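Enquirer: no sequence on hand, only this structure:
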C-alpha cells in the first residue's frame, strides 16, 4: 500500500528532524528552534509552489488555509518548547494521542468514523501513555499521573497532539478542495514567511541568527520539506486517523535517537509504554 510506505517515510523524517533540531539548536530559544527549519525550507517550498499546477479553488479551501496558518504556528512553537525542556523519550510519545483526537475531529470535519477496533486502539494508546512515566522500583498507581503533572515537556506535547488533530484534518480538507501538491507547497511557503514575520515583529528572533549555522539549517530544512511532501500525499490516500497513526512510528525512531545520542535513562520502561501506544495506533490503522 502506497499510503503506508509514505506514512512510514513521514515518520522517519519527523523523528530525524526532531533529533537534528534538538542536537543542533537546543542552545537557542524555542522561537528560534521552531523557525530554523522553516527558514531553510522556504526556498524549497517557494520553488515547488511556482511549478505546482493550480487546481480549481473554493471558499472551503480559503477558510481552511487561513485557519491553518496560526494553528500551525502555535503547534510548532509548543512542539519545539516541549523537546527543548524534556527528553525526547518523555515528550514525543505523547504525539500518539493525535489519532485518538482525530477520531473526533475527523468525524466533525471529514465525516470519517471509526469502528469497534478503533475504540480498542484508543484504549491501548491511552494505556501506553499511562505506562510511559512509570519508574522501575518506585511504581504506584498514581506515579505516572504525578510524573506527567511535573514533566513540563510531556503535557506540552499532549496539548500539541490535541492541536495537531485539528491541523491534520483541516489540512486534508483543504487538499480535498485543491490538490495535495498545491496546498502543501503554497501553504508552507506562506507559513514559513508568516511565522518569521510574526516572530520578528514580537522581537523573538533576529534574522542574523539564521546565518550562523547554514549547514545545520539546510539539513533541518530538507528534513522538514521531505516530511511535508510525504505527509501530504499519504493522508490524501486514506483516512486521516489511519495515516496519522502510522506516522506516529516516529515515536519509536525518536526514542532510539534519544537513547543512542542523548543517553536518556529509563529507556526500557519508556520504550514499553511507547510500544503500547504504537500498537494501538497500528490497530486503528489496520482494523479501524
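Expert: Cool, the structure landed. Remember, predicted model here, so these are calculated numbers, not experimental data. Numbering: from 1, shown residues only.
Enquirer: quick one: residue 38 and residue 48, what's the gap?
Expert: As defined by Cβ to Cβ, to the nearest Å, residue 38 lies at a distance of 15 Å from residue 48. Where you see a C-beta, it was placed from the backbone N, CA and C, and this is true even at glycine.
Enquirer: in the protein, which spans are helices?
Expert: Counting by DSSP state H, the chain has these helices, from start to end: 2-25, 30-51, 59-85, 88-91, 98-110, 116-131, 143-150, 152-176, 180-201, 214-235, 240-247, 250-261, 267-287.
Enquirer: residue contacts, residue 9?
Expert: The neighbours of residue 9, taking Cβ atoms under 8 Å, 6 or more residues apart in numbering as the test, are 226, 230.
Enquirer: give me that answer again for 10 Å
Expert: By Cβ atoms under 10 Å, 6 or more residues apart in numbering, the contact set of residue 9 is 226, 227, 229, 230, 231, 233, 234, 247.
Enquirer: how about residue 187?
Expert: The neighbourhood of residue 187, defined by Cβ under 10 Å, 6+ apart, consists of 45, 49, 64-65, 68-69, 72, 171, 174-175, 178, 194, 228, 232.
Enquirer: now, of the residues you listed, which are buried?
Expert: 45, 49, 64-65, 68, 72, 171, 174-175, 178, 194, 228, 232 (16 or more other Cβ atoms under 10 Å).
Enquirer: what is the nearest of these to residue 103?
Expert: Ranked by distance to residue 103 (Cβ to Cβ), the buried ones among the contacts of residue 187 are led by residue 171 at 16.8 Å.
Enquirer: okay, that closest one: pLDDT?
Expert: Reported pLDDT at residue 171 in the predicted model: 94.
Enquirer: surely it touches residue 72?
Expert: Yes. Between residue 171 and residue 72 a contact is recorded at 8.4 Å, counting by Cβ atoms under 10 Å.
Enquirer: please enumerate the shared neighbours of the two.
Expert: With contacts taken as Cβ under 10 Å, 6+ apart, the residues that reach both residue 171 and residue 72 are 164, 187.
Enquirer: that older thread, turn the buried ones among the contacts of residue 187 into JSON lines, including distance to residue 106.
Expert: Supplementary listing: these in JSON lines, determined by distance: Cβ to Cβ, whole Å:
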{"residue": "45", "distance to residue 106": "26"}
{"residue": "49", "distance to residue 106": "27"}
{"residue": "64", "distance to residue 106": "14"}
{"residue": "65", "distance to residue 106": "19"}
{"residue": "68", "distance to residue 106": "16"}
{"residue": "72", "distance to residue 106": "18"}
{"residue": "171", "distance to residue 106": "12"}
{"residue": "174", "distance to residue 106": "14"}
{"residue": "175", "distance to residue 106": "14"}
{"residue": "178", "distance to residue 106": "19"}
{"residue": "194", "distance to residue 106": "26"}
{"residue": "228", "distance to residue 106": "20"}
{"residue": "232", "distance to residue 106": "17"}
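Enquirer: and the residues you listed, which is closest to residue 6?
Expert: Nearest to residue 6 among the buried ones among the contacts of residue 187, counting by Cβ to Cβ, is residue 232 at 9.0 Å.
Enquirer: what's the distance between that closest one and residue 194?
Expert: When distance is defined by Cβ to Cβ, residue 232 is 18 Å away from residue 194.
Enquirer: OK, contacts around residue 280?
Expert: With contacts defined as Cβ under 10 Å, 6+ apart, residue 280 is in contact with 96-97, 99-100, 118, 120-129, 245, 248.
Enquirer: residue 108: how many residues sit nearby?
Expert: The burial metric for residue 108, expressed as a neighbour count using other Cβ atoms under 10 Å, is 12.
Enquirer: now do residue 54
Expert: A count of neighbours around residue 54, defined by other Cβ under 10 Å, yields 10.
Enquirer: list phi and psi for it.
Expert: phi -90, psi 110 (degrees, to the nearest 10).
Enquirer: wait, it sits on residue 183?
Expert: No. Using Cβ under 10 Å, residue 54 is not in contact with residue 183; the gap is 11.1 Å.
Enquirer: flag the shaky bits of the stretch 51-200 of the chain, pLDDT-wise.
Expert: Applying pLDDT under 70 to the stretch 51-200 of the chain flags residues 88-89, 129-130, 132-147.
Enquirer: cutoff 90 now
Expert: 73, 76-100, 102-103, 106-107, 110-155, 157-158, 161, 195-196, 198-200 (pLDDT under 90).
Enquirer: rewinding a little: of residue 38 and residue 48, who's got more company?
Expert: Comparing residue 38 with residue 48 by other Cβ under 10 Å, the one with more neighbours is residue 38, at 25 against 19.
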